[in-house]
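[1] Below are the sequence and a predicted model for it; my questions follow.
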Amino acid sequence: MVIKHKNIFTTESAWSDADKVLLCLDTGGWRTERPVLDQSKCNYCGLCALYCPPQCMLDKGDHYEANLAYCKGCGICAHECPRGALTMVPEGEFADEG
Amino acid sequence: MKAKKGTIRVITGNAVGAYGAMLCRPEVIAAYPITPQSEIAEQLAQFRADGVLDAEFVEVEGENSAMNVVLAASVAGARVFTATSSYGLVFMYDALQEASGFRTPVVMVNANRETPGIHAVSAGQQDMISARDTGWVQIIVENDQEILDQIIMAYRLAEDYDIQLPVMVNYDGYYLSYLAEAVEIPQIEDVDAFLAPLKKQPPRPRLVPGVAKGCGTHGIEMGYVEARYKHWQALERVKNKADEIDKAFGDYFGRYYGGQIEEYRTGDADIVVVASGSATGTARTVIDAKREQGIKVGLIKMRLFRPFPAEKLIEALKGKKAVGVIDRSVCFGWKYGPICTELMALSPKLETVPILSYIDGLANLDINVPHIGRVVDEVYAAARGKPYQEVTWIPMEEER
């Protein structure tokens, strides 16, 4: 048997430093829709950031924006926004991958 | 070197299990009571109350938690112990696989008992057989002394840097759990010395407060493949390692068990009986009697069940004319007993045909002298070309 695979883990078990191998997954790749902000409705209350499960809302000073590298598109931010400033838009409508 | 001497005591298999664990100085113990194992946990708690065991006891609400507690403690670097049986083992099913997947050197005693489906508070190996694909090392022992010795050897095996796998020491519930036999209990200092080589190894990875580490392969497909490949390799390494540890143990304490398998009078034998657990004591008596009658028969006692000692069996069965395999459990979906089915997987590499499968000893029924005598006679006849029955449920062919 010829093994061509280069080991990912240095240990027998699948251990890794959390900052190197495991937790740097771009979970944004799992997203089917993304939150889009209507800034005219946003009053910077921060509830979207509070409720965001992966805590990927970025503080932009006067509003919040999802970090699309990690946003899985769950829509909780849009659901929780009291002013309806966030809308979930299908990924197919965007040329970029976020 | 002169073998280290211990103290002889007449105690039950369960008490022996507790002594075996105590002598290895586990740091965290979690277990939930279940017949016929409960006495082990009770005795360990007594050791702790008496001040001879310095271990953290975690009271859990069930076996699933017991396994999760010890595997977590093991991940944090502790030496751990637990014991269970039957329904308890089944209730650990997911945690068993976490323990082996995390490559934690958990040592667990399983007092073999029949398993869910139809309630049976009685002996049988169905519990361990049903856990065979959990990635654990599974060893079956024959008597009280072997329980104690195998637990000590289990720590040497599990915590070996080349292995890092959980080990399940199995013995027949009822037959051994409540059977008091004379057992030589080694001095704890001698057990310390026997386990000392483990301290010279590189440290295995463990969780430490303040250091962000993860164990798992979520989303990293090749990581999963790699982890499984390493696990598979480690199980292959267990075979030789079990032989080495058995030799080291024998050299130190004066008791050898043969490692992966024990062969009894197989050298010049024409036919062989394969059995495991407490019934092998009875089998030896039958082998001796049949030898007196001129039948050249030997016994292979299966010690290692996972990994399956394929190479050893091929070697031991070379040139034999027929084999009878006695299983104390059922292989659902296969005609033959579980150990027999696995032995048959070696058929292309064995010259030995025929292989006769026997199901016996379910639900506390004895695998007794007449039963094993019948096995020998039928295997002997099959070796001489007589027609034979492929599978025999021995108790079903008896009037009661």
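    On my side now, so go ahead. Values in this document were obtained by computation on a predicted structure and should not be read as measured data. Numbers count the residues shown, from 1 in each chain, chains lettered A, B, ... in the order given.
[2] all contacts plus neighbour counts: C-alpha atoms, from now on.
    Will do.
[3] What ranges does chain A have for its strands?
    Listed in chain order, the strands of chain A (DSSP state E) span A:15-17, A:33-37, A:57-59, A:64-66, A:86-90.
[4] right, and those - which one's nearest chain B?
    Chain B sits nearest to strand A:15-17 of all those, at 4.4 Å, using CA to the nearest CA.
[5] these two touch, right, residue B:324 and residue B:274?
    Yes: Residue B:324 is in contact with residue B:274 according to CA atoms under 8 Å; the separation is 6.1 Å.
[6] And the strands of chain A: which comes nearest residue B:65?
    Proximity to residue B:65 (CA to CA) singles out strand A:15-17 among these, at 22.7 Å.
[7] So for that closest one, mean pLDDT?
    What strand A:15-17 shows for mean pLDDT is 75.
[8] With stretch B:97-117 instead?
    Per-residue scores along stretch B:97-117 average to 94.
[9] Buried residues in that stretch, which are they?
    Across stretch B:97-117, burial judged by 16 or more other CA atoms under 10 Å in any protein chain shown covers B:97-115.
[10] Nearest residue to residue 35 in space, please, no chain neighbours.
    Chain wasn't specified; assuming chain A. residue A:88 (4.5 Å; CA to CA, 6 or more residues apart in numbering or on different chains).
[11] Chain B, not that one
    In space, and not counting its chain neighbours, residue B:35 is closest to residue B:85: 7.1 Å by CA to CA, 6+ apart.
[12] rewinding a little: with neighbour numbers in mind, choose between residue B:324 and residue B:274.
    residue B:324 (27 against 23; other CA atoms under 10 Å in any protein chain shown).
[13] From residue B:142, how far off is that one?
    Computed as CA to CA, to the nearest Å, the residue B:324 to residue B:142 distance reads 19 Å.
[14] repeat for residue B:130
    Counting by CA to CA, the gap from residue B:130 to residue B:142 is 20 Å.
[15] Tell me which of the two has more neighbours.
    A side-by-side neighbour count of residue B:130 and residue B:142, using other CA under 10 Å, places residue B:142 first with 22 against 19.
[16] quick one: that one and residue B:282 touch, right?
    No: assessed by CA under 8 Å, residue B:142 is found out of contact with residue B:282, at 10.4 Å.
[17] Domains of chain B: list them as residue ranges, please.
    Segmentation of chain B into domains, based on automatic domain parsing, reads B:7-253, B:261-397.
[18] need those in a markdown table with distance to residue A:16, can you?
    Output for those, formatted as a markdown table (distance: least, CA to CA, whole Å):
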| stretch | distance to residue A:16 |
| --- | --- |
| domain B:7-253 | 6 |
| domain B:261-397 | 27 |
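[19] which residue sits closest to the residue nearest to the spatial centre of chain A, ignoring its sequence neighbours?
    With the centre of chain A defined as its mean C-alpha position, the nearest residue by CA atoms, centre = their mean is residue A:71, 1.5 Å away. Take residue A:71 and drop its neighbours on the chain: the residue closest to it by CA to CA, 6+ apart is residue A:28, 4.9 Å away.
[20] where's the one you found relative to residue B:31, distance?
    Counting by CA to CA, the gap from residue A:28 to residue B:31 is 42 Å.
[21] neighbour-wise, which of those two wins?
    The neighbour comparison of residue A:28 against residue B:31 (other CA under 10 Å) goes to residue B:31, with 29 against 18.
[22] returning to what we had before: just the buried residues of stretch B:97-117: which are in helices?
    Among those, the members falling in helices (DSSP state H) are B:97-101.
[23] Could you list which of the buried residues of stretch B:97-117 also contact chain A?
    Near chain A, taking CA under 8 Å from any CA of the partner chain as the test, the members of the buried residues of stretch B:97-117 found are B:101-103.
[24] I'd like these laid out as JSON lines, including distance to residue B:53.
    Listed next are those as JSON lines, based on distance: CA to CA, whole Å:
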{"residue": "B:101", "distance to residue B:53": "29"}
{"residue": "B:102", "distance to residue B:53": "27"}
{"residue": "B:103", "distance to residue B:53": "26"}
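[25] Closest one to residue B:10 out of the residues you listed, please.
    residue B:103 (35.8 Å).
[26] how about that closest one, phi and psi?
    The phi and psi torsions at residue B:103 (degrees, to the nearest 10) take the values phi 60, psi 40.
[27] residues contacting it?
    The contact partners of residue B:103, taken as CA atoms under 8 Å, 6 or more residues apart in numbering or on different chains, are A:12-13, B:164-166, B:231.
[28] ok, now with 6 Å
    A:13, B:164-165 (CA atoms under 6 Å, 6 or more residues apart in numbering or on different chains).
[29] from those, which would you call buried?
    Here, 16+ other CA under 10 Å leaves A:13, B:164-165 buried among the contacts of residue B:103.
[30] got the residues you listed as CSV, with distance to residue A:63 columns?
    Output for the buried ones among the contacts of residue B:103, formatted as CSV (distance: CA to CA, whole Å):
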residue, distance to residue A:63
A:13, 43
B:164, 51
B:165, 51
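[31] ok, now how distant is the nearest residue in space to residue A:41 that is not next to it in sequence from residue A:70?
    Nearest residue to residue A:41 in three dimensions, chain neighbours excluded: residue A:85, at 5.1 Å (CA to CA, 6+ apart). Distance, residue A:85 to residue A:70, using CA to CA: 20 Å.
[32] just residue B:113 next, same as before
    Per CA to CA, residue B:113 is found 49 Å from residue A:70.
[33] And residue B:273, by the same measure?
    Per CA to CA, residue B:273 is found 61 Å from residue A:70.
[34] Compare neighbour counts for those two and give me the winner.
    Shown here are residue B:273 and residue A:70; by other CA under 10 Å, residue B:273 has more neighbours (26 against 20).
[35] Centre of the chain to stretch B:278-292, how far?
    Distance, stretch centre to chain centre, for stretch B:278-292: 21 Å (CA atoms, centre = their mean, to the nearest Å).
[36] Now it: buried residues?
    Buried-residue list, stretch B:278-292, by 16+ other CA under 10 Å: B:278-280, B:283-284, B:286-288, B:290.
[37] that older thread, ramachandran angles for the residue nearest to residue A:41?
    Torsion angles, degrees, to the nearest 10, at residue A:85: phi -80, psi -20.
[38] Which residues are in contact with it?
    A:37-38, A:41-42.
[39] Could you report the separation of whatever residue of the stretch 251-400 of chain B ends up closest to chain A from residue B:71?
    Nearest residue of the stretch 251-400 of chain B to chain A (CA to the nearest CA) works out as residue B:307 at 17.7 Å. Counting by CA to CA, the separation of residue B:307 from residue B:71 is 21 Å.
[40] Same drill for the two, tell me which one is more crowded.
    residue B:71 (30 against 21).
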